[in-house]
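Peer 1: take this sequence and fold it.
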Amino acid sequence: MSSGARGVGVIFRRELAAYVTSPLGYVIAAVTLLVDGLLFYAEALGPAAGQRLSAEVLARFFFNTSGLVVIAAVALSVRLIAEERQARTITLLRTAPVSDWHIVLGKFLAAFVFLAAITLLTIYMPLLIMVNGKISIGQVVVGYVGLFLIGAAVLAIGMFATSLTRSYLLAAVVGAAVTGAMFLFWPLAQVVQPPLSNVFSALGLHGIHFYGFQLGVVHLRDIVYYLAVTYFFLLLATTIMEAKRWE
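Peer 2: Take a look at the predicted model:
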């Protein structure tokens, strides 16, 4: 195993342990699961539930959960590098035999695994739909793939935001602002004329790119889009860290 891979592994384990042992991770998990449960109850067992097909209820579940995954991703990511700067441990981290890319990747992977674990804890909701209705396993699997992809993309945006500053609050504002702006591309695409509508639609973080996952339909373009957004913002975070190294 190369020194870079070992470095990523060490940082990954360190950051994952920080999520597991600190109150922040549990608070984010508890709030996310509580709100998701309440929304699911309203959709699946509320007054209008009897008027919806099981597949529609599942699609609504993935729609609601995607929004909560996005919020949780911003909350989990904004401390990753800002905390190192506040604690003045970033210099010590940089003296280790790892590159800035390895630091960013290790921290990102830890946040992603923790977010994926929170997301998977919601699996009982689709299973409840399956007990009382007819849905396909494929729609469930594809929906969760979509949740993981959009979660990874927003975590990468959060990594970019936290690489800019040592302030948690400012990192959260920047991360939320960039994510919100990318969400707004889809509604903007509905009110402008081509070719701008096509550009905004293609750039939108939710909208057309997540819609297929809600319905259990996989489009290669959507997978490529989320992976490209993730890589772009991780690369941007690495570039900023490299620039700050010499300040």
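Peer 1: what bits of this protein have low per-residue confidence?
Peer 2: 1-4, 44-52, 84-97, 244-247 (pLDDT under 70).
Peer 1: let's check: the centremost residue of it is which one?
Peer 2: Taking CA atoms, centre = their mean, the centroid of the chain lies closest to residue 151, which sits 1.8 Å from it.
Peer 1: quick one: contacts for it?
Peer 2: Residue 151 makes contact with 69, 70, 72, 73, 112, 115, 116, 119, according to CB atoms under 8 Å, 6 or more residues apart in numbering. Backbone N, C-alpha and C define where each C-beta goes, glycine included.
Peer 1: which SS class is it?
Peer 2: Here residue 151 is recorded as helix under DSSP: H, G, I helix; E, B strand; the rest coil.
Peer 1: nearest to residue 31 among the contacts of residue 151?
Peer 2: residue 72 (8.1 Å; CB to CB).
Peer 1: next one: the host helix or strand of residue 5 to chain centre, how far?
Peer 2: Using DSSP states H and E, residue 5 maps to helix 3-21. With CA atoms, centre = their mean, to the nearest Å as the basis, helix 3-21 stands 19 Å off its chain's centre.
Peer 1: what residues sit buried inside it?
Peer 2: Neighbour-count burial for helix 3-21 flags 7, 8, 11, 12, 15, 16, 18, 19 (criterion: 16 or more other CB atoms under 10 Å).
Peer 1: which residues sit against it?
Peer 2: By CB under 8 Å, 6+ apart, helix 3-21 touches 25, 76, 80, 93, 96-99, 102-103, 105-107, 109-111, 113-114.
Peer 1: 6 Å instead, please
Peer 2: 25, 97, 98, 102, 105, 106, 107, 109, 110, 114 (CB atoms under 6 Å, 6 or more residues apart in numbering).
Peer 1: tell me which two of these sit farthest apart.
Peer 2: It's 25 and 97 that sit farthest apart of the contacts of helix 3-21, by CB to CB, at 28.2 Å.
Peer 1: neighbour count winner among the two?
Peer 2: residue 25 (21 against 9; other CB atoms under 10 Å).
Peer 1: what about the closest residue to residue 64 other than its chain neighbours, how many residues nearby?
Peer 2: Distances taken as CB to CB, 6 or more residues apart in numbering place residue 39 nearest to residue 64, at 4.5 Å, with adjacent residues excluded. Neighbourhood size, residue 39 [other CB under 10 Å]: 19.
Peer 1: residue 39: which element?
Peer 2: helix 23-45.
Peer 1: do residue 242 as well
Peer 2: Per DSSP H and E: helix 220-245 holds residue 242.
Peer 1: name the residues of that helix that are buried.
Peer 2: Those would be 222-223, 225-226, 229-230, 233-234, 236-238, 240-241, for helix 220-245 by 16+ other CB under 10 Å.
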